[in-house]
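> Here is the input, now give the coordinates:
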Amino acid sequence: MVKIVALLGDYWHSEKEAKVGLEVAIDRLPNKEEVELQYVTYQEVGQVLGENPDVFINAKMDEINPRDEKVYTWLTDELDKQLVNYVKEGGSMLAWHAGMASFDKNSNYIKMLRGSFDYHPPGLQEVTYMLNENEKTGPNTFTMSDEQYFVHLDKENTEVDLWSTGVDDDSIAGWKHSFGHGKVCCFTPAHNEEGMLNENVSKLLAEKISWLLDK
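Sure, this is the predicted structure:
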């Protein structure tokens, strides 16, 4: 069995919708019968990382209560170090959509991802995703309603494998790299259940998980 642990949902993103999207993607895996999927709360992340799961998926922004006057975050200094050590020692990490948003840019976690969310145009927009840079039409592209993430990225030290174009110009939508003995993958689509269930997004998410599981 391989174990995948997922932290999903926050103030802006439905945990229920993310579960539906993730489960459909996992169902596409060739070894899906061997996958044990466990959902955790942010309070349980430290404990579960100590059990060395094969993949840890984070689809939860750092801010717990972003609309309040005093905003709290869940990534403690201790957990920040633990996440990075988990990957260094051979774990695999997927930062999915909100999993790269509102974190401290100087955290070990964001340094490990080598990129982070900057902003997205208001609401849902028509976004074209491209498997090849600047190839805006053709079989290697697809268009859907989504939040187009614009990101800060250390492009020299990662492999970009997904691009996007939309109302606010072009951006990068996916990247991956090795980190220590482990692997890191970042994937910006999608914001809601409809987007996650888009066949192209679902297939790509399954590919990312497969890459992370391939030791």
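
> tell me the centre residue of the protein?
The chain has residue 96 as the residue nearest its centroid, 1.3 Å off, counting by Cα atoms, centre = their mean.

> Run a quick check on that one versus residue 57, I expect a contact.
Yes: if you go by Cβ atoms under 8 Å, residue 96 and residue 57 touch, sitting 5.9 Å apart. C-beta coordinates here come from the backbone N, C-alpha and C atoms, glycine included.

> How many residues are close by residue 71?
Counted by other Cβ atoms under 10 Å, the residues lying close to residue 71 total 12.

> can you pull the contacts of it?
Residue 71 makes contact with 63, 64, 65 under the criterion Cβ atoms under 8 Å, 6 or more residues apart in numbering.

> what's the distance between the closest residue to the first one other than its chain neighbours and residue 123?
For residue 63, ignoring the flanking residues on the chain, the nearest one in space by Cβ to Cβ, 6 or more residues apart in numbering is residue 102 at 4.4 Å. When distance is defined by Cβ to Cβ, to the nearest Å, residue 102 is 18 Å away from residue 123.

> circling back: part of a strand, is the residue nearest to residue 63?
No: using DSSP: H, G, I helix; E, B strand; the rest coil, the secondary structure at residue 102 is coil, not a strand.

> what about it, neighbour count?
Neighbour count of residue 102, defined by other Cβ under 10 Å: 19.

> Just the pLDDT at it, thanks.
Residue 102 carries a pLDDT value of 98.

> now do residue 215
pLDDT, residue 215: 82.

> which residues does it contact?
By Cβ under 8 Å, 6+ apart, the contact set of residue 215 is residue 90.

> do that again at 10 Å, thanks
Counting by Cβ atoms under 10 Å, 6 or more residues apart in numbering, residue 215 touches 2, 54, 90, 92, 181, 182, 183.
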